[in-house]
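In: next come a sequence and a model predicted from it.
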Amino acid sequence: MKKFLFVLSALLTLGLPMRAQSLKLNENNIDEVVKAMTLEEKAQLLVGRGRSVAFLAAFGGNGMIGQHADIVSGAAGSTFGLDRLGITPTVVADGPAGLRIAPTREGTDRTFYCTGFPVGISLASSWNTELVRQVGAAIGNEVLEYGVDVLLAPGMNLQRSPLLGRNFEYYSEDPLVTGKIAAAFVNGVQSNGVGTSIKHYAANSQETNRKGVNDVVAQRPLRELYLKGFEIAVREAKPWTVMSSYNLLNGEYTQESHGLLTTILRDEWGFDGIVLSDWTDKAETRSAAREIHAGQDLKMPGAPVLSEDIITAVKAGKVSMEDVDLCVKRMLRYIVRTPRFKGYKYSENPDLKAHAAITRQSATEGMVLLKNENHTLPIRNAENIAVFGINSYDFIAGGTGSGNVNKAYVVDLIEGLNNAGLKPTGSLADLYMAYKKYQETKNAAAGQRSTMLGKPVLPEMEIDRKLIDIQANLADMAILTIGRQAGEGRDRAIEDDFNLTSLERKMLSDICDAFHMQGKKVVVILNMGNAIETASWKGMPDAILMAWQPGQEGGNSVADVLVGKSNPSGKLTMTFPVNCMDVPSSLNFPIGSQPAVGSSNAAGQRKNVDYTLHAEGMDIGYRYFHTNNVNVSYPFGFGLSYTTFAYSRPTVKPLADGFEATVTVTNTGDTAGKEVVQLYVSAPAGGLEKPSAELRSFAKTRELKPGESQVLTFKVDAYTLASFNEAASAWETAAGQYRLLFAANVEDVRQTAVFTLKKAASWKVNDVLAPDMPL
Ligand code: BGC
């Protein structure tokens, strides 16, 4: 008997490894591979491989040997591979304004630059989903060709406040715009066979104390506003991954929230990819058991101790093996889709020239012409241009933090104007030289900042009134660029950031004064990724162009618009309030208490930010301003063109589910151009109380020649018209007459129509994510 048992155990010990050795992962044997994995291997697979060497170098950390991995240098992270079972590692890297990897590597002179595309708010302001898809496709190509599997983008949090430091990465104050633009971006990137990670899920609407803040949001605004964009993107574009955010939501870390990551995301919306965490260090560790049970499959960036936590939790019975296996299965399903698993031979040589052309053109479509008195733009009969403002010379292509792309160059405005045949230097050499000298001195003083963080933006240069007067004599017109840069880890201040600084105010009024006295025009270029106060000064210049942070070809893109090579067709996706304090969230926003960069990550400092206070609730952006007739500086959806458009009488056709409407847009001016038409809907009385108008669809024409027309079609289903009834945990669309407003912006309704919904509709969902404190 003893002998028999010995032989049996020898056979088993010999046989098992042999079987395991021959077992290699493929898309049809995932269950079998899961069965063959040890608990230790599973725990490794659910945790990333740690910070990369380039990251540690950039941020001054040293990390423990063996804890980091650089498969692609400077990528944000990677997942574990298990040779034994043919499980390859995979690589994930930021976004969103392009791929973010290290531009240089040890042991080679080669550079690995990526294209710096326009930031999120710029892309969204184009309202052109096809254009956004194309930009996504170009970025996705760089992801593929540099050996990365997933782009950590797009950023989809709502622009709840103009003070939010990461607004440049996000799309809009409106969830429909956010969802549709994100879906287009995801579709574009993923058309390359690589993945995306829509982030930061959810309600990550401030940077201050981002890892300790508890966002308290009632279920209705949560469902209708803060989750809606994610819902649209998941349903319409099937992103491979979702990134859970740092913050707590209604008392729970989003990374531990079963309601958020499983009930809503997977059960209700049908998400079939993996959830990975935002980059959470060991010191900020949440509960491994709760995370796995919640459905967070991958902990990033990871550290060996986090795998140990999982093992301990399983052994202590705190999390079931079924839950672990579910996450492992989803990880394997993700891995088999990746180019690295499929053995794709990447070139490390994407067509950067072609992509530069794409970014140059796409940036022009997002630019918003805010003012253009007496046809100041496009520039005609002016050659010598006096260019003021340090950011004309030190142009801002994008934001800071993980959203900063390591690009080969940035075209500044001077270069852009020169390329367009204008003369921003020449006889005006004094001004040019003054800025150049200042720039050199300041750059030298600022020292070399890491390539991963990007170069800091220079403070504005003081300029003598006498020099301005001389310029006003010599030049044909003036351009003043006002710049702002913000980013991860810090929110903005009202003073000297949302509002102009006193130096900027003085420059603007001196320049307008001097040039207007000579009968010459002044154009202001806004080079930023966020809203700014405009009401107090917009009367001064003759034209204002919101150029955003338009990517590495920025100066060329702006010049294309200034000379009329491109007709601006962007419209605001965020209201520009008169005062920052007019924005309802301002009373709930951590104004004035911003900690220094980097200290916003303090773990355990739980602090409520209560969206239910001061009647904020549903009152975000135009939903508040329009409903309550509060004056704004520029309304949601606003943007001028070098031409004009007329809207025909709409047609409305009821469908089995909702309606289809059309409107014909005609170019009535003398310049070719594109128009964005926004369809707002006012709901009938009787149902839930609603904002006076809500955006339910939008469309953009192709470029129409003068006199040319295009029919735009808007299809809206009953679910899109629904509001969330907290008491019933249901989406509800009331029966009755809906007013359809076809508008150039929320305050400029050009045509109206009605649609009658005969039968009310409702969709019951789960009662989850109620706030942890009584409302
Ligand atoms: C950011 C994410 C980013 C990640 C990886 C985090 O700090 O919040 O947006 O994707 O770092 O770099």
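Out: Received it, and whenever you're ready, just let me know what you need. Because the structure is predicted, anything quoted here is derived from the model rather than measured.
In: correct me if wrong, but D109 is in a helix.
Out: No. Under DSSP: H, G, I helix; E, B strand; the rest coil, D109 sits outside any helix and is assigned coil.
In: next one, pLDDT for it please.
Out: The score at D109 is 94. That number is its pLDDT.
In: residues near it, how many?
Out: By the other Cβ atoms under 10 Å criterion, the neighbourhood of D109 contains 6 residues. Every residue, glycine included, has its C-beta placed from N, CA and C.
In: cool, and A656?
Out: Using other Cβ under 10 Å, A656 has 6 other residues around it.
In: ok, the one 4 residues further on next?
Out: Neighbour count of E660, defined by other Cβ under 10 Å: 15.
In: got it, and R235?
Out: There are 14 residues near R235, going by other Cβ under 10 Å.
In: go on, E32?
Out: Using other Cβ under 10 Å, E32 is surrounded by 13 other residues.
In: which strand or helix spans it?
Out: helix 30-36 (DSSP states H and E).
In: helices and strands around that helix, which ones?
Out: Helices and strands touching helix 30-36, as assessed by 3 or more Cβ pairs under 8 Å, 6 or more residues apart in numbering; DSSP states H and E, comprise helix 321-335.
In: pull out the buried positions in whatever helix or strand comes next after the helix it packs on.
Out: Following the chain from helix 321-335 toward its C-terminal end, the next helix or strand by DSSP H and E is helix 339-342. Using 16 or more other Cβ atoms under 10 Å as the burial criterion, the residues of helix 339-342 that qualify are 339-341.
In: for stretch 299-313, same thing?
Out: By neighbour count on 16+ other Cβ under 10 Å, the buried set for stretch 299-313 is 299-304, 306-307, 309-311, 313.
In: if I look at the residue nearest to P635 when sequence neighbours are not counted, what pLDDT would I see?
Out: Counting by Cβ to Cβ, 6 or more residues apart in numbering, P635 lies nearest to E747, which is 4.4 Å off, once chain neighbours are set aside. We note a pLDDT of 98 for E747 in this prediction.
In: next up, phi/psi of E747, please.
Out: The phi/psi pair for E747 (degrees, to the nearest 10) reads phi -100, psi 0.
In: count the residues that sit near it.
Out: 16.
In: so what would you say the end-to-end distance of stretch 396-411 is?
Out: Between the opening and closing residues of stretch 396-411 we find a distance of 9 Å, counting by Cα to Cα, to the nearest Å.
In: next one: it to chain centre, how far?
Out: 14 Å (Cα atoms, centre = their mean, to the nearest Å).
In: near the ligand, anything from that stretch?
Out: Yes. Counting by Cβ under 6 Å from any ligand atom, contacts between stretch 396-411 and the ligand involve S402.
In: could you do stretch 281-290 as well?
Out: No. Applying Cβ under 6 Å from any ligand atom, one finds that stretch 281-290 is not in contact with the ligand, the shortest distance being 10.0 Å.
In: per-residue confidence averaged over that stretch?
Out: 83.
In: endpoints of that stretch, how far apart?
Out: From the first residue to the last, stretch 281-290 extends over 17 Å; the measure is Cα to Cα.
In: can you list the weak-confidence ranges in the chain?
Out: When the per-residue scores of the chain are filtered using pLDDT under 70, the ranges that remain are 1-21, 54-69, 426-427, 447-454, 592-606, 773-775.
In: kindly recompute the last result at 80.
Out: Of all residues in the chain, those with pLDDT under 80 make up the ranges 1-21, 51-69, 282-285, 425-428, 444-456, 591-607, 612-615, 687, 772-775.
In: near the ligand, which residues of it?
Out: Within the chain, the positions lying close to the ligand (Cβ under 6 Å from any ligand atom) are 76, 94, 152, 199, 278-279, 402, 488.
In: what do you get if the cut-off is 8 Å, keeping everything else the same?
Out: Within reach of the ligand by Cβ under 8 Å from any ligand atom, the chain has these residues: 55, 76-77, 92, 94-95, 100, 152-153, 155, 166, 169, 197, 199-200, 204, 210, 243, 245-246, 278-279, 300-301, 401-403, 488-489.
In: for PyMOL, write the select line for the buried members of these.
Out: Command for PyMOL, covering only those of these found buried under the criterion 16+ other Cβ under 10 Å:
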select buried, resi 55+76+77+92+94+95+100+152+153+155+166+169+197+199+200+204+210+243+245+246+278+279+300+301+401+402+403+488+489
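In: if we can go back for a sec, same list, the buried residues of stretch 299-313, but as TSV with secondary structure and distance to A685 please.
Out: Shown next, in TSV, are the buried residues of stretch 299-313 (DSSP: H, G, I helix; E, B strand; the rest coil; distance: Cβ to Cβ, whole Å):
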residue	secondary structure	distance to A685
K299	strand	49
M300	coil	48
P301	strand	52
G302	coil	53
A303	coil	56
P304	helix	60
L306	helix	53
S307	helix	57
D309	helix	54
I310	helix	53
I311	helix	58
A313	helix	52
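In: tell me which of the residues you listed is nearest to P684?
Out: The shortest gap between P684 and any of the buried residues of stretch 299-313 belongs to M300, at 46.5 Å (Cβ to Cβ).
In: for the closest one, what are its contacts?
Out: M300 makes contacts with 48, 76-77, 92, 276-280, as judged by Cβ atoms under 8 Å, 6 or more residues apart in numbering.
In: same question for P635.
Out: With Cβ under 8 Å, 6+ apart, P635 has these contacts: 572, 575-576, 622, 625-626, 745-748.
In: any of these buried? List them.
Out: 572, 575-576, 622, 625-626, 745-747.
In: which of these fall in helices?
Out: Taking DSSP state H, the ones among the buried ones among the contacts of P635 that sit in helices are 622, 625-626.
In: one step back: could you identify the pair within the contacts of M300 that is furthest apart?
Out: Taking Cβ to Cβ as the measure, the contacts of M300 reach their widest spread between V92 and T280, a distance of 14.3 Å.
In: distance-wise, check the residue in the stretch 251-400 of the chain that the ligand sits nearest to relative to A153.
Out: Nearest to the ligand in the stretch 251-400 of the chain, going by Cβ to the nearest ligand atom, is W279, at a distance of 3.8 Å. Here the distance between W279 and A153 works out to 14 Å (Cβ to Cβ, to the nearest Å).
In: list the buried residues of the strand or helix carrying E365.
Out: When secondary structure is defined by DSSP H and E, E365 falls within helix 352-366. Under the neighbour-count criterion of 16+ other Cβ under 10 Å, helix 352-366 has 355-356, 358-366 buried.
In: put together TSV for the contacts of M300, with secondary structure on each row.
Out: Rendered in TSV, the data for these read as follows (three-state DSSP):
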residue	secondary structure
G48	coil
A76	coil
G77	strand
V92	strand
L276	strand
S277	strand
D278	coil
W279	coil
T280	strand
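In: from the ones in helices among the buried ones among the contacts of P635, which is closest to the ligand?
Out: Using Cβ to the nearest ligand atom, Y622 is the member of those that lies nearest the ligand, at 26.8 Å.
In: so who does the closest one touch?
Out: Neighbouring residues of Y622 by Cβ under 8 Å, 6+ apart: 173-174, 575, 635-637, 691, 693, 746.
In: return the member of those residues nearest to the ligand.
Out: For the contacts of Y622, with the ligand as the reference and Cβ to the nearest ligand atom as the criterion, the closest is E173, at 19.7 Å.
In: grab the nearest non-local neighbour of that closest one.
Out: Once its chain neighbours are removed from consideration, E173 has its nearest residue in G621; the separation is 3.3 Å (Cβ to Cβ, 6+ apart).
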